[in-house]
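Enquirer: structure of the sequence below:
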Amino acid sequence: MGQLTQRIQRRHQPAGGRCTISAVSIALALAALPLTASLLPAQARPGVGSTPAATTVLARVSGAAYDSVARRPLTGAIVQLVDANDPSRIRSAQSDDRGAFAFDSVRLGIYVLGILHPRLDTLGLDSPLLRVEVQAAGAVEALLALPSAGSLRAARCGDGRTPVADGLFMGSVRKANAEALDRPARVRVQWTELRVAGSGVRREVLSRFATTTEAGAFALCAPAGVVMTARTFAGTDSSGFVELVMPRDGFLLRDLYIGSASKVPVTGSTAVVLRGNGRVRGVVRDTAGRPIPGARLALRGGGVESVANANGQFLLADVPTGTYTLEARALGFEPVQRALDVLDRPVDAAAVVMTAAVPRVDTMRVRANGNRGANGLDEFERRRKNAFGHFIDETQLAARAPRTVADIFRSTPGMTIMPGQSTNDRVLMRGAGGSGSCVPAVFLNGLSITTGDGVLDGVIEAGDVRAVEIYARSASIPVQFEARNGCGSIVIWTGPRSAPAVRR
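Expert: The predicted structure follows:
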């Protein structure tokens, strides 16, 4: 029996009942379907004029399939025409590159018109069905359209009474090895919002979950414009933590892939990294198309890092399969984080484009001062005397003997160190009032730099750090180091350290 009649039966199947294709199920569908027919003039209709009753009257049913979400024709769709009186009589056609389809020599009668396309599974939709009544010879025109993004948002994220405030994230969970899901998958999205309370501004982490259909389709609602982290899993297979942005128009359509991975402990650390049989190769270029040699690339959570060669080419081997975040860093360029599907194939290619970093500093006046001192840290010393923040000088750095930049901040008031998705640790601040951790603003030698996730070892060497200022409370941050990011600020000064005193 045809797939379209099966879809009709599933749509009108009683709860717990078995699927049996019959004219009754077709009739149930027809009762709720709109009528679409383009008839010839009255003299051509049956019973009007001189058309003999014994003559077989044939018509042409044609039309177009349209994807309202993508705003373009739905090409390659299987269009089926099912006889309402005899569901076993099914005719099929395929839409062309304009979405057009046609059925010639159609007998008089009532039909159900529908489409089959992978796009329906991605959107979690049943086939749009259209009642077609052929009453005369000639042409009958029909339009089959998928719902628009706005309609999907309103249906999934609205209550029908108030304007839709949330955006809609839709897609399908698929296996990286192309096998079918053997169970429904769980999808989680998480984002951070700033909430104004009586005690001030606090950061709140919000999460939403969804369970996929048997075909892997899912739908989740989240605020438009928010940056969210997504992850999906089914059994022992999972994806990585993927950073996605809900567009301002409130509709995001993206599939997520899951794969298998093994956990490998990092030597000398409590952290673990993921390994698998995935391989990612590609090239890193700037916006002018020039290669960026020396760029460092890593799959977040994979624990494998690669350095681009003179041609900008890189290779990441033995990484887990699934959808993960690819990170790229290079001196003088803005860090790049993008979602990447690592499939179960010998090699997957990725092209990364990096934008040159632009210093983000406010206009300031510079006044000469002839008494800066030999060490050049007079401002650091002056602020330390005010005791508004926490300060680490050369003597303390020498005592701590840090191997990484993150080691500098361990056991420091107001700071917390968390394992990163790569081998480097994240430097975070403890939020006020138990509101979790946040990524502080970072200033290097007085200039604001972008770190994104709190990983500092990719841009600074621990041995180059000469002094550190930490401002965990917004009220204590000097005006030149304010970032208004809802977190605190870190000021790092680099340069050659003073020679240690010689003991006698």
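Enquirer: so which residue is smack in the middle of the chain?
Expert: Relative to the mean C-alpha position of the chain, the nearest C-alpha, by CA atoms, centre = their mean, is the one of L244, at 3.1 Å.
Enquirer: for the closest residue to A310 other than its chain neighbours, what are its contacts?
Expert: Spatial nearest neighbour of A310, excluding adjacent residues (CB to CB, 6 or more residues apart in numbering): P293 at 4.8 Å. Where you see a C-beta, it was placed from the backbone N, CA and C, and this is true even at glycine. When contacts are counted by CB atoms under 8 Å, 6 or more residues apart in numbering, P293 is found next to A308, N309, A310, N311, G312.
Enquirer: for the fourth one, phi and psi?
Expert: According to degrees, to the nearest 10, the main-chain angles of N311 amount to phi -90, psi 10.
Enquirer: burial check on the residue nearest to it when sequence neighbours are not counted, number of neighbours?
Expert: Distance criterion CB to CB, 6+ apart; nearest residue to N311, sequence neighbours excluded, is P291 at 5.2 Å. Number of residues near P291 (other CB atoms under 10 Å) recorded here: 16.
Enquirer: neighbours of M418, just the number please.
Expert: 13.
Enquirer: looks like it contacts V439 (just checking).
Expert: No: judged on CB atoms under 8 Å, M418 makes no contact with V439 at a distance of 10.4 Å.
Enquirer: overlap in contacts, these two.
Expert: In contact with both M418 and V439: R426, L428, G454, using CB under 8 Å, 6+ apart.
Enquirer: thought the last one was touching N424?
Expert: In other words, G454. No: counting by CB under 8 Å, G454 does not reach N424; the two are 9.5 Å apart.
Enquirer: tell me the buried residues in stretch 440-456?
Expert: Of all the residues in stretch 440-456, those buried under the rule 16 or more other CB atoms under 10 Å are P440, A441, V442, F443, L444, S448, I449, T451, D453, G454, V455, L456.
Enquirer: helix, strand or coil for the fourth one?
Expert: Secondary structure assignment for F443 (DSSP: H, G, I helix; E, B strand; the rest coil): strand.
Enquirer: need the helices for the stretch 101-250 of the chain, in chain order.
Expert: Listed in chain order, the helices of the stretch 101-250 of the chain (DSSP state H, counting those that start in this stretch) span 118-123, 149-157.
Enquirer: can you list contacts of the longest one?
Expert: Which is helix 149-157. 68-69, 123, 147, 160, 164-168, 170, 219, 221, 249-251.
Enquirer: which of the residues you listed fall within strands?
Expert: D166, G167, L168, M170, A219, C221, F251 (DSSP state E).
Enquirer: pop out the phi and psi values for V69.
Expert: According to degrees, to the nearest 10, V69 has phi -70, psi -50.
Enquirer: what's the spacing between the residue nearest to it when sequence neighbours are not counted and S62?
Expert: Leaving aside its sequence neighbours, V69 sits nearest to A149 (CB to CB, 6+ apart; 5.1 Å). Distance from A149 to S62, counting by CB to CB, to the nearest Å: 27 Å.
Enquirer: who has more neighbours out of the two?
Expert: Between A149 and S62, counting by other CB under 10 Å, A149 is the more crowded of the two (22 against 18).
Enquirer: any idea how far L123 is from that one?
Expert: A149 is 10 Å from L123, by CB to CB.
Enquirer: do G454 as well
Expert: 36 Å.
Enquirer: ok, Q190 next?
Expert: In terms of CB to CB, Q190 sits 23 Å off from L123.
Enquirer: between these two, which one's more packed in?
Expert: More neighbours surround L123 than the other of Q190 and L123, with 20 against 15 (other CB under 10 Å).
Enquirer: that one against V69, yeah?
Expert: Yes: assessed by CB under 8 Å, L123 is found in contact with V69 at 6.8 Å.
Enquirer: mutual contacts of those two, please.
Expert: Contacts common to L123 and V69, judged by CB under 8 Å, 6+ apart, are L146, L152, L253.
Enquirer: show me the helices in the stretch 251-400 of the chain, by range?
Expert: Under DSSP H, counting those that start in this stretch, the stretch 251-400 of the chain gives helices at 378-386, 394-400.
Enquirer: what helices or strands is the last one leaning on?
Expert: Using 3 or more CB pairs under 8 Å, 6 or more residues apart in numbering; DSSP states H and E as the contact definition, the elements that helix 394-400 packs against are helix 405-408, strand 465-471.
Enquirer: next SSE downstream of the shortest one?
Expert: Later in the chain than helix 405-408, the nearest helix or strand by DSSP states H and E is strand 415-419.
Enquirer: so for that next one, what's the average pLDDT?
Expert: If you average the pLDDT over strand 415-419, you get 83.
Enquirer: did I read that right, S92 in a helix?
Expert: No: counting by three-state DSSP, S92 is not part of a helix but strand.
Enquirer: who's it bridged to?
Expert: Beta-bridge pairing for S92 (DSSP bridges): Q80.
Enquirer: wait, what's in contact with it?
Expert: S92 neighbours (CB under 8 Å, 6+ apart): G2, I78, V79, Q80, L81.
Enquirer: most neighbours among those residues, which one is it?
Expert: V79 (29 neighbours).
Enquirer: the nearest residue to it once chain neighbours are set aside: what's it in contact with?
Expert: Spatially, and ignoring its direct neighbours in sequence, V79 is nearest to F101 (4.5 Å; CB to CB, 6+ apart). Taking CB under 8 Å, 6+ apart, we find F101 in contact with S62, G63, A64, A65, A77, V79, A93, Q94, S95.
Enquirer: A210 now?
Expert: Taking CB under 8 Å, 6+ apart, one finds R186, V187, F218, A219, L220 in contact with A210.
Enquirer: hmm, try it at 10 Å
Expert: 169-170, 173, 184-189, 217-221, 232 (CB atoms under 10 Å, 6 or more residues apart in numbering).
Enquirer: next one: it from T232, what distance?
Expert: Taking CB to CB, one finds A210 at 9 Å from T232.
Enquirer: okay, and the common contacts of these two?
Expert: V173, A185, R186, V187, R188, V189, F218.
Enquirer: A136 touches A59, doesn't it?
Expert: Yes: between A136 and A59 there is a contact under CB atoms under 10 Å: 6.8 Å.
Enquirer: compare those two (neighbour count), which wins?
Expert: The residue with more neighbours, out of A136 and A59, is A59; 24 against 21, by other CB under 10 Å.
Enquirer: what's the helix or strand for the more buried one?
Expert: Assigned by DSSP H and E, A59 belongs to strand 58-67.
Enquirer: partners of that strand, with directions?
Expert: strand 72-73 (antiparallel), strand 100-107 (antiparallel), strand 138-146 (parallel).
Enquirer: could you give the mean pLDDT of stretch 430-439?
Expert: 62.
Enquirer: how far does that stretch stretch from start to finish?
Expert: 9 Å (CA to CA, to the nearest Å).
Enquirer: same deal with stretch 318-326?
Expert: 14 Å.
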